[in-house]
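Asker: sequence plus the predicted model coming up.
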Amino acid sequence: MKRGIVPGTFDPITSGHLDIIERAAGLLDEIVVGVALSAEKGGGPLFSARERIAFIEAATKHLSNVSVKGFDTLLVNFADEVGALVIIKGLRAMTDFEREFQMAALNWRLDSKVETMFIMAIPEYMFLSSSAVKEIARHGGSVKGLVPDVVSEALPHKLSEAR
Ligand code: PNS
């Protein structure tokens, strides 16, 4: 049984994340999507961990070999806890590379049994990010197609609450 994890902050999940999860689910027997509970990026997440997990569950319900779990530990420890052999990350433009390269090297240093594999984003999603989605929505732009429907429906409410 080859199990992999697709980790991230997912604040919120985008169509680009979903594409990586779907492609990873086609390559391995089981995928656990690992949601970093206490994300440190950009002053904390907009959506709560419970909301971020619920969006991913809704967006991946057509994938029978995908489950979603929160984690608040080192990623390699989470991989060990769920019995995963491999960490799968999406790679977009070159700007991702340095950060991902550093994380992969540190994770290898922490536990060399866990491999990191990268799946290239398709051109359509190359420049898509959760922060860009939030910025577009904040200024009233449409994010339809950029995120799963469950997210595009929730975003305006969440942003008006946060204002
Ligand atoms: O959505 P992101 O920002 O690409 O996700 C980053 C994430 C959650 C994968 C990364 O921050 C992470 O692995 N956090 C867990 C803590 C950890 O293991 N840090 C050491 C590796 S650099």
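Answerer: That came in fine, so what should we check first?

Asker: ok, is the longest helix seen in the chain in contact with the ligand or not?
Answerer: When the chain is parsed with DSSP state H, its longest helix is helix 95-110. Yes. Contact of helix 95-110 with the ligand (CB under 6 Å from any ligand atom) involves 103, 106-107. For glycine as for every other residue, the C-beta is placed from the backbone atoms N, C-alpha and C.

Asker: in that helix, what counts as buried?
Answerer: Buried positions in helix 95-110, judged by neighbour count with 16 or more other CB atoms under 10 Å: 96, 100, 104, 107.

Asker: can you check stretch 116-128 too?
Answerer: 116, 118-119, 121, 125, 128.

Asker: pLDDT below threshold where in this protein?
Answerer: For the chain, the stretches flagged by pLDDT under 70 are 39-42.

Asker: the ligand contacts on that one?
Answerer: Within the chain, the positions near the ligand by CB under 6 Å from any ligand atom are 7-9, 36, 41, 74-75, 103, 106-107.

Asker: go ahead and confirm residue 138 touches residue 156.
Answerer: No. Using CB atoms under 8 Å, residue 138 makes no contact with residue 156, being 9.7 Å away.

Asker: that's a helix at residue 87, yeah?
Answerer: No. Going by DSSP: H, G, I helix; E, B strand; the rest coil, the assignment for residue 87 is strand, not a helix.

Asker: what bridges to it?
Answerer: residue 5, residue 116 (DSSP bridges).

Asker: can you classify residue 119 as helix, strand or coil?
Answerer: Residue 119 - assigned by three-state DSSP - is strand.

Asker: list the residues that contact it.
Answerer: 20, 23-24, 88-91 (CB atoms under 8 Å, 6 or more residues apart in numbering).

Asker: the helices in this structure, which residues?
Answerer: For the chain, applying DSSP H gives helices covering 15-27, 49-59, 75-82, 95-110, 130-138, 149-162.

Asker: look at residue 48 and say how many residues are nearby.
Answerer: Burial of residue 48 is recorded as 12 neighbouring residues (other CB atoms under 10 Å).
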